[in-house]
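*Asks:* sequence? don't have it. structure:
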Ligand code: NOJ
Ligand code: CA
């Protein structure tokens, strides 16, 4: 063939290749364009504060804003950049502040607006940022809008919520169920109609199809942004737009109702409106809680050119160990290759493709403690808690630490229903009780999966109530505070806390941990999660032995020919690589740099 023919052939092949569809579900992480746009929120380490349980400054047993302010130096020393503050607005506290009765005021338990302003100034003074929880899928039934709405069918606020006539047999208008158990509809005698609540009865859903609702929400967002906050974590953002006509669940419905409720027909339109009317005017970060959003829908929320959100929280990992049961979720066995797959899939679908930026979290106030759930909170509590810190800080995507995980805090030893405070647990308990169901089985389940596990007070020291409060805490303190607490850990160079500081610092010092390629090696290995970050001459090898056994990890040929230098190890006496395998202790995590 002549040279010109070759040139034409190659050109045709290149054009053909560029035109091939890039399947969204493909799992190769380094195929299409890399996200090269840098942003402060991509480089940040975020720390979630659940204020009720963080620090009580006035001895009423409830954490508060002054308490958070007192601990800002602790957070600064940890190395975090952004604080996500769970809701602190006025609320009757049916769902610990996720039921808001006034978006413009501070919950009495938490203090005053002056306390908030002082906290925000304290955060900024320390060169950190603060994001607030935005809870606007629903309000409290004590919100003025709802109080008006329920008064009469022609009240100006009637359409702020979903009101419907009873179904044909006088029951609820459709078969939707609440996240917290029971029907998602509540009958209201005043007007003889039902209102919709996807969460507790006291959390009526706002009707986002009503432009007046959207405008009211946007106005309120401006109020907080104008105060100088740095962004929002958006509660159940994926549920704003409801399916047209609120249809029944289909027959033979698989039970995953979150997905049925999510991604309504106007969802993206509403989020774009929010972006253009509000968010685009500020340099802030947004992360949406994307309940029921699948991998192939995620880009709709976060692809940069769409101008909606910066990040979402996806729940595939949080769902890996349980499945829907008749009354509540039941445990499900999971394997490490499945666990890895979640990270590979989401990194690939979003970041590697440039269609968004991942957020990485292993627990929050709605989930059990990571070390009890995915680690070993008994003999390997310390190394497994440190291993999860390594995972968080070496993953591509913005890491979110949940308060107390940096101490290796564990699930709590709840005994009876009286130990629990969570409306979700209590409602379901009452439901099962009314049906004459197996309450012991339910309690056993909640001891493992209940949300209260992560809501016990922060363990600051070994004094009364773990130094959280001088009064009686609103929920039990985990008795292991005598040994697991911040003061003891600050004094111990090998503690979980000091390891967190080291690995956070390491992330900050190595931008490759933020932006570099992510490539899993030996995917099917049942014990070790191993991956390479970066490319070319700037590569890191991360090894996580997620098992109770020592492992001799054989380096695949592609990496064994290199010589690796151990940079961080969660045991003090880790070994540099020699030969083509690496000996790892139970729950050992190692980060190597290329020599
Ligand atoms: C998600 C929040 O994280 C959770 O705590 C709350 O109960 C529900 N949304 C309802 O607001
Ligand atoms: Ca208090």
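*Replies:* Structure received. Quantities reported herein were computed from a predicted structural model and do not represent experimental measurements. Ligands and ions are numbered 1, 2, ... in the order given.
*Asks:* Looking at the stretch 251-400 of the chain, which residue is nearest ligand 2?
*Replies:* Distances between the stretch 251-400 of the chain and ligand 2 by C-beta to the ion are smallest at residue 365, namely 17.7 Å. Just so you know, the C-beta spots here come from the backbone N, C-alpha and C atoms, and that holds for glycine as well.
*Asks:* Counting neighbours, what do you get for that residue?
*Replies:* Per other C-beta atoms under 10 Å, the neighbour tally for residue 365 reads 20.
*Asks:* neighbours around the residue in the chain that ligand 1 sits nearest to, how many?
*Replies:* Ligand 1 sits closest to residue 98 of the chain, with a gap of 3.4 Å, by C-beta to the nearest ligand atom. Counted with other C-beta under 10 Å, residues neighbouring residue 98 total 24.
*Asks:* what's it in contact with, if anything?
*Replies:* The contact partners of residue 98, taken as C-beta atoms under 8 Å, 6 or more residues apart in numbering, are 87, 91, 133, 135, 199, 203, 235.
*Asks:* now, which of those lie within strands?
*Replies:* Applying DSSP state E to the contacts of residue 98, the entries found in strands are residue 133.
*Asks:* buried subset of the contacts of residue 98?
*Replies:* The neighbour count (16 or more other C-beta atoms under 10 Å) marks 87, 91, 133, 135, 199, 203, 235 as buried among the contacts of residue 98.
*Asks:* related to what we said a few turns ago, hang on, the residue of the chain closest to ligand 1 in a strand?
*Replies:* No. Assessed with DSSP: H, G, I helix; E, B strand; the rest coil, residue 98 is coil; it does not lie in a strand.
*Asks:* Run a quick neighbour tally on the spatially closest residue to residue 362 that is not a sequence neighbour.
*Replies:* Among residues not flanking residue 362 along the chain, residue 370 sits closest, at 4.2 Å (C-beta to C-beta, 6 or more residues apart in numbering). Counted with other C-beta under 10 Å, residues neighbouring residue 370 total 28.
*Asks:* same thing with residue 323?
*Replies:* Neighbours of residue 323 (other C-beta under 10 Å): 12.
*Asks:* pretty sure it is touching residue 329, no?
*Replies:* Yes. If you go by C-beta atoms under 8 Å, residue 323 and residue 329 touch, sitting 6.6 Å apart.
*Asks:* interface residues of the stretch 51-200 of the chain facing ligand 2?
*Replies:* Counting by C-beta under 5 Å from the ion, the stretch 51-200 of the chain comes close to ligand 2 at 56, 58, 60, 62, 64.
*Asks:* Could I get the contacting residues of residue 548?
*Replies:* 376, 379, 380, 586, 587.
*Asks:* gap between it and residue 295?
*Replies:* Per C-beta to C-beta, to the nearest Å, residue 548 is found 31 Å from residue 295.
*Asks:* quick one, helices of the stretch 151-300 of the chain?
*Replies:* Assigned by DSSP state H, counting those that start in this stretch, the stretch 151-300 of the chain shows helices spanning 211-227, 257-261, 267-277, 295-302.
*Asks:* do the second one and ligand 1 meet?
*Replies:* No. Residues of helix 257-261 are not located near ligand 1 by C-beta under 6 Å from any ligand atom, the shortest gap being 10.9 Å.
*Asks:* buried stuff in that helix?
*Replies:* Residues 257, 258, 260, 261 are the ones in helix 257-261 that count as buried (16+ other C-beta under 10 Å).
*Asks:* Next, format these as JSON lines and append pLDDT and distance to residue 145.
*Replies:* Below are the buried residues of helix 257-261 laid out as JSON lines (pLDDT from 0 to 100; distance: C-beta to C-beta, whole Å):
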{"residue": "257", "pLDDT": "87", "distance to residue 145": "26"}
{"residue": "258", "pLDDT": "91", "distance to residue 145": "25"}
{"residue": "260", "pLDDT": "95", "distance to residue 145": "26"}
{"residue": "261", "pLDDT": "97", "distance to residue 145": "21"}
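*Asks:* Output these in CSV; the columns should cover distance to residue 465.
*Replies:* CSV is the format used below for the buried residues of helix 257-261 (distance: C-beta to C-beta, whole Å):
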residue, distance to residue 465
257, 39
258, 36
260, 43
261, 39
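*Asks:* Between all of the residues you listed, which two are separated the most?
*Replies:* Pairwise distances across those (C-beta to C-beta) peak at 7.3 Å, for the pair 258 and 260.
*Asks:* separation between the residue of the chain closest to ligand 1 and ligand 2?
*Replies:* 19 Å (C-beta to the ion, to the nearest Å).
*Asks:* Roughly how far does residue 491 sit from residue 498?
*Replies:* Residue 491 sits at a distance of 9 Å from residue 498 (criterion: C-beta to C-beta).
*Asks:* Mind checking which of these two has more residues around it?
*Replies:* Comparing residue 491 with residue 498 by other C-beta under 10 Å, the one with more neighbours is residue 498, at 16 against 10.
*Asks:* Return the set of buried residues in the strand or helix carrying that one.
*Replies:* Under the criterion of DSSP states H and E, residue 498 resides in helix 496-509. Residues 496, 497, 498, 499, 500, 501, 502, 503, 504, 506, 507, 508 are the ones in helix 496-509 that count as buried (16+ other C-beta under 10 Å).
*Asks:* try stretch 131-145
*Replies:* Under the neighbour-count criterion of 16+ other C-beta under 10 Å, stretch 131-145 has 131-143, 145 buried.
*Asks:* farthest pair in those residues?
*Replies:* Largest separation among the buried residues of stretch 131-145 by C-beta to C-beta: 131 and 141, giving 26.6 Å.
*Asks:* For residue 201, give me its contacts.
*Replies:* Contact analysis of residue 201 by C-beta under 8 Å, 6+ apart lists 141, 178, 186.
*Asks:* quick one: which of the residues you listed is nearest ligand 2?
*Replies:* Distance to ligand 2 across the contacts of residue 201 (C-beta to the ion) is lowest for residue 141, with 25.0 Å.
*Asks:* What residue, apart from its backbone neighbours, is nearest that closest one spatially?
*Replies:* Counting by C-beta to C-beta, 6+ apart, residue 202 is the residue found nearest to residue 141 once chain neighbours are left out, at 4.7 Å.
*Asks:* contacting residues for the one you found?
*Replies:* Here residue 202 is in contact with 92, 94, 95, 99, 140, 141, 142 (criterion: C-beta under 8 Å, 6+ apart).
*Asks:* Can you tell me which of those is nearest residue 555?
*Replies:* The nearest member of those to residue 555, counting by C-beta to C-beta, is residue 95 at 48.5 Å.
*Asks:* Please tell me I have it right and that closest one contacts residue 199.
*Replies:* Yes. Using C-beta under 8 Å, residue 95 is in contact with residue 199, at 6.5 Å.
*Asks:* centre of the chain versus stretch 111-124, how much separation?
*Replies:* Relative to its chain's centre, stretch 111-124 lies at 24 Å (C-alpha atoms, centre = their mean, to the nearest Å).
*Asks:* Show me which positions of that stretch end up buried.
*Replies:* 111, 115, 116, 119, 120, 122, 123.
*Asks:* what's next to that stretch, contact-wise?
*Replies:* 64-66, 68-69, 72, 83, 88, 105-106, 129-130, 227-229.
*Asks:* And those residues, which is closest to residue 476?
*Replies:* Nearest to residue 476 out of those is residue 64 (C-beta to C-beta; 18.8 Å).
*Asks:* What count of nearby residues applies to that closest one?
*Replies:* When neighbours are counted by other C-beta under 10 Å, residue 64 registers 27.
*Asks:* Okay, it and residue 111: tell me how far apart.
*Replies:* 5 Å.
*Asks:* do the same with residue 421
*Replies:* Separation of residue 421 from residue 111 (C-beta to C-beta): 21 Å.
*Asks:* now swap in residue 222 and tell me
*Replies:* Distance from residue 222 to residue 111, by C-beta to C-beta: 23 Å.
*Asks:* Now do the contacts for residue 591.
*Replies:* Here residue 591 is in contact with 390, 394, 506, 540, 541, 542, 566, 567, 568, 569 (C-beta under 8 Å, 6+ apart).
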